[in-house]
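Q: sequence unknown, structure follows:
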Ligand SMILES: [Zn+2]
């Protein structure tokens, strides 16, 4: 016997199941998710810049 699950989606922000339209369970969740995504993107860029700087420092150290 299978329990009937009402038509639902999973929130793109918190992954909770919810009934309704859109990608997020609430507008707040969408805002938080977008902010987190931006923050993660910035962290990724920062990581990239740091690794390039470390690489340059390593090259300079080798050439000294
Ligand atoms: Zn959510």
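A: Good, I have the coordinates. None of the values given here were measured: they were computed from a predicted structure. Numbers count the residues shown, from 1 in each chain.

Q: where's the most centrally placed residue in the chain, which helix or strand?
A: Per Cα atoms, centre = their mean, the C-alpha nearest to the average position across the chain is that of residue 37, at 4.0 Å. Per DSSP states H and E: residue 37 is located in helix 27-63.

Q: What residues sit buried inside that helix?
A: Using 16 or more other Cβ atoms under 10 Å as the test for burial, helix 27-63 gives 29-30, 33. Glycine gets a C-beta too; all of them are placed from N, C-alpha and C.

Q: repeat for stretch 13-28
A: 13, 24-25.

Q: Let me know whether residue 19 touches residue 6 as I believe.
A: Yes - between residue 19 and residue 6 there is a contact under Cβ atoms under 8 Å: 6.1 Å.

Q: Against the ion, how distant is residue 32?
A: 8 Å (Cβ to the ion, to the nearest Å).

Q: thought that residue was touching residue 13?
A: Yes - using Cβ under 8 Å, residue 32 makes contact with residue 13 at a distance of 6.1 Å.
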